[in-house]
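K.L.:
Just a sequence and a predicted model for now, questions to come.
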Amino acid sequence: MRCKICGKQEIIAKELGVCADCIKQRPEEAKPFVIQAHRKSRRRFGLVEEPPKKGVECKLCVNNCRIPEGEKGYCGVRANINGRLINLAGTSKAVAEWYYDALPTNCVASWCCSALDKSYPLKNLAVFYGACTFNCLYCQNWSFKENTLFLAPKISAEELASKVDENTYCICYFGGDPTPQIAHAIKTSKLALDRKSVAICFETNGSMNKHVLKEAAELSLESNGIIKFDLKAWNEELHKALTGVTNKQTLENFEYLANRGNPIVASTLLVPGYVDVSEVKKIAEFIASLDENIPYSLLAFYPHFYMRDLPTTSRKHAEECYRAAKRYLKNVRIGNVHLLS
């Protein structure tokens, strides 16, 4: 497809319409195309098109929504009702689903976590949260937006913690993202740890505020769990084009966890035409500046949602990114190898 700005023939998502170079080098020209794509993708699920700026301030995540009376924040599960911020799932509940996943799982960190040598009958309690603070145009779990739209299913922290049994080795919170409902994840974790020893893990975009990140990180560290950060892009303009949101807080939070000694893993989805070798190189340099031993997973892309017209990641693309990352980091892995073309 030809870029609607520069006219070059590139790998371009039709819904976005512009190439990575123009997004990074001509951001003001690319901005209208980016805004249009994100607004369209959110409108169909009844989500506000951008973080509201007039009303009660929600400080939970990077979006810093100021939510007007009777309206929702960007995540769709927090609202201003009678001048107070509330969780639309209920005081002690969250919009979430759960299932058991036998070990070893296909977890991003499965190759470097404490469950590496564990197997049946041990299992993971996987918790899928139905809300997110980002709006990734390529989201591979985009069905969470339907959970947000209908605010269902719901589950209390007490009921979710009760799913931890004698064979549950770990709990992994993902989605969507845990961030909009992280208080529920923290409460569930504490209740679960009262029942038995279990590793607490988070798979996240890292957009939460430092206060709740610290509490979640302490639970993870004390339980021998891992926090998995999805570092989607390095260039801020590219990150905003792909996710609708800046990556500044994500990078700051990643650095914070690395400096405090939390076991962390980074991953990047290799989106054809957008997340190239230069992006991976800069992310790897950043991670190495903190600790060259931090594991880094490069994930093959499968077309979904508003970037479903893109190809899968090529083997050449993945191998070039792998070599670039290995120049800086000791532990690099290509994931979803079966998707490589």
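P.N.:
Thanks, I have it.

K.L.:
any idea which residue sits dead centre in the protein?
P.N.:
Nearest to the mean C-alpha position of the chain, by C-alpha atoms, centre = their mean, lies Asn205 at 3.2 Å.

K.L.:
doesn't Leu231 make contact with that residue?
P.N.:
No. Contact criterion C-beta atoms under 8 Å: Asn205 and Leu231 do not qualify, at 9.0 Å. To be clear about C-beta, it is placed using only N, CA and C from the backbone, and glycine gets the same treatment.

K.L.:
before we move on, the earlier item: OK, contacts around the residue nearest to the centre of the chain?
P.N.:
Residues in contact with Asn205 (C-beta atoms under 8 Å, 6 or more residues apart in numbering) are 132-134, 177, 179, 229-230, 232, 243, 250.

K.L.:
and with 6 Å instead?
P.N.:
Counting by C-beta atoms under 6 Å, 6 or more residues apart in numbering, Asn205 touches 134, 177, 230.

K.L.:
which residue sits closest to Thr168, ignoring its sequence neighbours?
P.N.:
Nearest non-adjacent residue to Thr168, counting by C-beta to C-beta, 6 or more residues apart in numbering: Leu125, 5.2 Å away.

K.L.:
Now do that neighbour, the pLDDT please.
P.N.:
Looking at Leu125, its pLDDT is 97.

K.L.:
for it, what are its contacts?
P.N.:
163, 168, 171.

K.L.:
Just give me the neighbour total for the first one.
P.N.:
Counted with other C-beta atoms under 10 Å, the burial measure for Lys163 works out to 17 neighbours.

K.L.:
just the last one next, same as before
P.N.:
Number of residues near Ile171 (other C-beta under 10 Å) recorded here: 28.

K.L.:
Are we agreed that it is in a strand?
P.N.:
Yes. Counting by DSSP: H, G, I helix; E, B strand; the rest coil, Ile171 is part of a strand.

K.L.:
separation between it and Leu193?
P.N.:
Going from Ile171 to Leu193 by C-beta to C-beta, to the nearest Å gives 9 Å.

K.L.:
again with the second one
P.N.:
In this view, Thr168 and Leu193 are 11 Å apart by C-beta to C-beta.

K.L.:
So which of the contacts of Asn205 belong to strands?
P.N.:
In strands, defined here by DSSP state E, the members of the contacts of Asn205 are Asp230.

K.L.:
of all the contacts of Asn205, which comes closest to Ile81?
P.N.:
Closest approach between these and Ile81, by C-beta to C-beta: Asp177, at 22.9 Å.

K.L.:
ok now the biggest helix by length in the chain, how far from the chain's centre?
P.N.:
As assigned by DSSP state H, the longest helix anywhere in the chain is helix 27-43. In terms of C-alpha atoms, centre = their mean, to the nearest Å, the centre of helix 27-43 is found 20 Å from the chain centre.

K.L.:
ok, now which ones touch Pro178?
P.N.:
Here Pro178 is in contact with 129, 185, 202, 204 (criterion: C-beta under 6 Å, 6+ apart).

K.L.:
what helix or strand is the residue nearest to it when sequence neighbours are not counted on?
P.N.:
If you skip the residues right next to it in sequence, Pro178 has Ala185 as its closest partner in space, 4.9 Å away by C-beta to C-beta, 6+ apart. Here Ala185, judged by DSSP states H and E, is contained in helix 182-195.
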